[in-house]
Structure formats: structure tokens, C-alpha cells
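# sharing a sequence plus its predicted fold:
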Amino acid sequence: MNGAWLAAAPPFLVAVACLIVPGLAVVLAGWGWRRVQVFFLAPAISTALIAVAALVAPVVGLSWSILPLAILTAATAGVAFLVGRRVRPEAEPEDTWRLAAVAGIVFASAAVILFAQFALAFSSPDSIAQRFDNIVHLNTVRFAVETGNASPLHVGATSDIPFYPSAWHAVTALAVQATGAGIPVGVNAANLAIVAVVWPAGVCLSIFSTGTKRFWQPSWMPVDDPFVNQMWWPATALHAISPVCFTLSKMTRYEVGSLLSNAKLVLIPPG
């Protein structure tokens with residue numbers, strides 16, 4: 001580590017904000033602050049909002065920037081607020097401050113360890129991964145920044161394909177665009193944000209889904225990440241979000257039915 005990493009601080013902070021703030025706004029609007037576990041959904045929700053905003057922005061005539069993401073976030077938070085008011089239990093139990101503190105410490109510790117691990121692996125903030133397709137993804141980020149379009153229907157042009165999932169490219173482009181960082185620095189900053197925020201948050205959510213209150217017992221899990229170490233960047237984003245997908249897939253049929261019933265009550269009020 002040296003002073004050169006200071007150049008990566010602005011794009012890193014922008015990427016962290018993009019991966020936390022939109023989802024956090026939706027979580028607070030829909031669930032409130034009483035349950036710790038829902039906060040760990042924020043990065044996954046942010047990633048989904050980034051992907052959708054990147055797709056919709058060119059359709060409505062907007063260049064890719066913070067603006068379409070902010071608009072979609074506000075609209076989604078508004079819907080979450082209305083739905084939450086209707087289906088949220090009146091006497092929803094609160095998590096204890098001790099559980100919140102332990103969960104926060106586990107998440108923060110994992111974030112610091114993963115950040116340090118990958119920063120050391122990168123060697124310098126402007127290094128690029130020596131992977132066969134990495135140059136395509138760096139070019140795609142540049143393409144998104146220069147054209148103002150990070151749509152999955154657009155960025156595939158760098159590979160002569162009509163469609164390519166672009167959430168990773170979109171958040172990286174935002175980090176570069178907002179700070180003026182070079183593409184390699186912006187890419188590394190965004191990757192550090194993904195591995196230090198999205199992955200441990202998802203694993204913490206998975207821990208909560210087991211129903212355990214002994215949060216410290218499996219607290220090593222957020223730093224045990226064999227997938228992210230591959231350094232295949234769009235795939236890294238996919239692997240980082242996989243614990244959330246796994247957790248949601250474990251919902252029982254009753255829970256899914258209850259969720260659909262609540263949605264029906266919101267959309268079609270009784271009487």
C-alpha cells in the first residue's frame with residue numbers, strides 16, 4: 001500500500017455509495033430500521049436498480065449517470081413505502097442492539113479484510129487483471145462512459161453480441177464518470193467496493209436466514225470467498241450477489257404464497 005492508492009479513493013467511495021444508498025433508501029422506505037437483516041439486502045437491491053436503470057435510461061432519452069439511478073431509486077422507494085405501510089405487521093419485533101452491534105462488527109471486519117486482500121493482490125490501483133477477456137470489459141466500460149449508454153443492449157457491441165449483462169459495467173462507469181478516474185483505477189475501485197460490500201452483506205443475510213441469533217459462530221464466512229478470487233470481473237459481481245439469491249431461493253412455499261398474497265392485497269384492496 002502506498003500513496004498511489006489515494007487516487008482510487010474517490011471512485012471507490014462513489015462505487016460504495018452506488019452499491020449502498022439506493023438499496024438502503026428502498027429498505028428504509030419499505031421495512032424501516034427495526035430489523036438488522038434487511039439492511040444486508042441493500043447492496044443486492046442497489047445492484048438490481050443499477051441494472052434496470054442502465055437498461056431503461058436510453059429508452060427514455062437519458063444518458064447514463066447518477067440521474068436515472070436516482071429517479072428509479074426514488075420511484076422504487078415510494079412503491080416500497082406504500083407496500084410496507086399496508087403489509088408490515090403493526091407490532092413488528094425489533095432486533096436487540098447487541099445483535100445489531102455484532103452483525104455490524106462482523107460485516108465491517110469482513111469488508112476490511114477483503115479490501116486489504118484484494119488491494120494487495122492488485123499491487124497498484126492502475127493494474128489490470130491478466131485475463132483473456134479483461135481487455136474487452138475495460139473497453140466496454142470506456143464505451144459506456146464515452147457514449148453515455150450502459151444498457152445491456154448496447155455494451156455488447158464491444159464483443160459483437162446483441163446483449164450482455166451490464167450491472168458491473170454500469171457501476172464502474174458511474175465511478176469513472178463521477179470522478180474522472182482512469183479506466184483501470186475505476187475498475188479496481190469498483191471491484192474493491194463489490195468484494196468488500198456486496199459479498200459480505202449477502203453472506204451476513206444468509207447467516208440471518210438460518211434463524212440463528214448466535215451471529216458470531218459463523219462469523220468467518222464473509223471472508224471465505226473462493227469465487228471472487230477468480231478476478232473475472234462481471235462474474236465477480238454475479239458471485240458476490242449469489243448469497244442473496246441463494247437465501248431467497250430457500251423461501252418456503254408458504255412464504256412465497258404469503259408474499260404474493262400481500263402483493264395482491266396491495267394491488268387489489270378488499271371490498
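Arrived safely, thanks for sending.

# contacting residues around residue 145?
For residue 145, the contact set (CB atoms under 8 Å, 6 or more residues apart in numbering) comprises 173, 176-177, 183. (Glycine included, C-beta is placed from N, CA and C.)

# let me know how buried residue 197 is, in neighbour terms.
23 (other CB atoms under 10 Å).

# that one: what secondary structure?
Following DSSP: H, G, I helix; E, B strand; the rest coil, the label given to residue 197 is helix.

# correct me, but it touches residue 16?
Yes - in this structure residue 197 lies within contact range of residue 16 using CB atoms under 8 Å: 5.9 Å.

# out of the contacts of residue 145, which are buried?
173, 176-177, 183 (16 or more other CB atoms under 10 Å).

# now, among those residues, which is nearest to residue 125?
Nearest to residue 125 among these is residue 183, at 11.7 Å by CB to CB.

# circling back to that earlier point, now for the buried ones among the contacts of residue 145: which two are most distant?
177 and 183 (11.0 Å).

# circling back: with respect to residue 122, which of the contacts of residue 145 is nearest?
Among the contacts of residue 145, and counting by CB to CB, the member closest to residue 122 is residue 183, at 14.1 Å.

# quick one: contacts of stretch 5-19?
So stretch 5-19 is in contact with 43, 46-47, 50, 66, 69, 119, 125-126, 171-172, 174-176, 178-179, 181, 185-186, 188-190, 192-194, 196-198, going by CB under 8 Å, 6+ apart.

# could you do stretch 175-192 as well?
Contacts for stretch 175-192 (CB under 8 Å, 6+ apart): 7-12, 14-15, 18, 64-66, 115, 118-119, 122, 125-128, 137-138, 141-142, 145, 168, 171-173, 193, 231, 233, 236.

# and for stretch 31-43?
Stretch 31-43 is contacted by residues 19-20, 23-24, 26-27, 80, 84, 88, 92-95, 99-100, 103, 107, 197-198, 201-202, 204-205, 208-209, 241, 244 when judged by CB under 8 Å, 6+ apart.

# that one: end-to-end distance?
Distance between the boundary residues of stretch 31-43 (CA to CA, to the nearest Å) amounts to 15 Å.

# give me the distance from it to the chain's centre.
Here stretch 31-43 is found 14 Å from its chain centre; the criterion is CA atoms, centre = their mean, to the nearest Å.

# average pLDDT across that stretch?
For stretch 31-43, the mean pLDDT works out to 84.

# please, where are all the helices along this protein?
Ranges of helices within the chain are 9-30, 42-56, 66-87, 97-122, 134-147, 167-179, 183-193, 199-209, 233-249, 253-267, based on DSSP state H.

# quick one: buried ones out of the contacts of stretch 175-192?
When the contacts of stretch 175-192 are checked for burial by 16+ other CB under 10 Å, the buried set is 7-8, 10-12, 14-15, 18, 64-66, 115, 118-119, 122, 125-126, 137-138, 141-142, 145, 168, 171-173, 193, 231, 233, 236.
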